[in-house]
Structure formats: C-alpha cells, structure tokens
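Undergrad: Using only what follows, build the 3D model:
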Amino acid sequence: MDETAREVRVARNEVLFREVNERVKELNARLHIDTPEWVCECADVECVQQIPLSLADYERIRRIPTHFLVLPGHMYAEVERVVEEHEGYVVVEKHGNAGAEAIRLDREEAAGAPRR
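TA: Residues are numbered from 1 along each chain as shown. Alright, predicted model coming up:
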C-alpha cells in the first residue's frame, strides 16, 4: 500500500469513529446527558476506549473537520500532529492527504451524501 492510500485509510478510520460520536451526541441530547463518554477517534479500528468530555468541548473540537479527539499516545505522527493537550485526551490535526480526505468526507456528510 502506498503512502497516499495509507493516509486516506487512516483518515477514513478516524472519520468512522467521528460518525459513531455523532450518534452518541444525538442519543445524549435526547437523554439530557451533559458529560458523555466519546469513543476515541484514533485510526486503530480495534480501539473502543472512551473519553469523558462535555458536549460543548466535543462540539468545539468537531467544528474543524481535520481535528479529532484521541487518547494520549493514540496519534499517528506520519498523518497528524497534536494541536491541544488536556487531562485525559488530546486533539490531533490531520495533514497532507489524510487532512484532505477528512475535509472531503466531512463535506459529503454535511451534504447528506452516502458514505463511500
């Protein structure tokens, strides 16, 4: 697998976890839960660890399509960099092909396009 394909795959994995968190957000809004636990949005498809974080903080991170919520140590330096460090979580920013793929998928989701 070439580097570009790997970067795109990593971005798609993380966007998949972001989609899970969007469903968590909807459910928590219905149940009036203010500090839900979010699924780590790292590229490891087997990671199902959770991060407690307020809805407001999650939405702040989510506003930037290239930013993802991950646990410390769950970043992939070849496709992302840490832009925020907090107690119990970090925010990473995708760059290069992975960043471009994250933006593309975010726009498709916003437009209601089916996921490829």
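
Undergrad: Confidence-wise, which helix or strand of this protein is lowest on average?
TA: None of the helices or strands of the chain scores lower by mean pLDDT, DSSP states H and E than helix 3-31, at a mean of 76.

Undergrad: Can you give me the pLDDT of the nearest residue to Glu84 once chain neighbours are set aside?
TA: Spatial nearest neighbour of Glu84, excluding adjacent residues (C-beta to C-beta, 6 or more residues apart in numbering): Val91 at 3.9 Å. In short, each C-beta sits where N, CA and C put it, glycine included. Per-residue pLDDT puts Val91 at 98.

Undergrad: do Pro114 as well
TA: For Pro114, the predicted pLDDT is 54.

Undergrad: Tell me the bridge partners for the residue nearest the centre of the chain.
TA: Nearest residue to the geometric centre of the chain (C-alpha atoms, centre = their mean): Phe68, 3.6 Å. Beta-bridge partners for Phe68, by DSSP bridges, are Val92.

Undergrad: mind listing what it touches?
TA: Contacts for Phe68 were tallied using C-beta atoms under 8 Å, 6 or more residues apart in numbering; they are 14, 17-18, 41-42, 61, 80, 91-94, 102.

Undergrad: do that again at 10 Å, thanks
TA: Phe68 sits next to 11, 14-15, 17-18, 21, 40-43, 61-62, 74-75, 80, 83, 90-94, 102 when contact means C-beta atoms under 10 Å, 6 or more residues apart in numbering.
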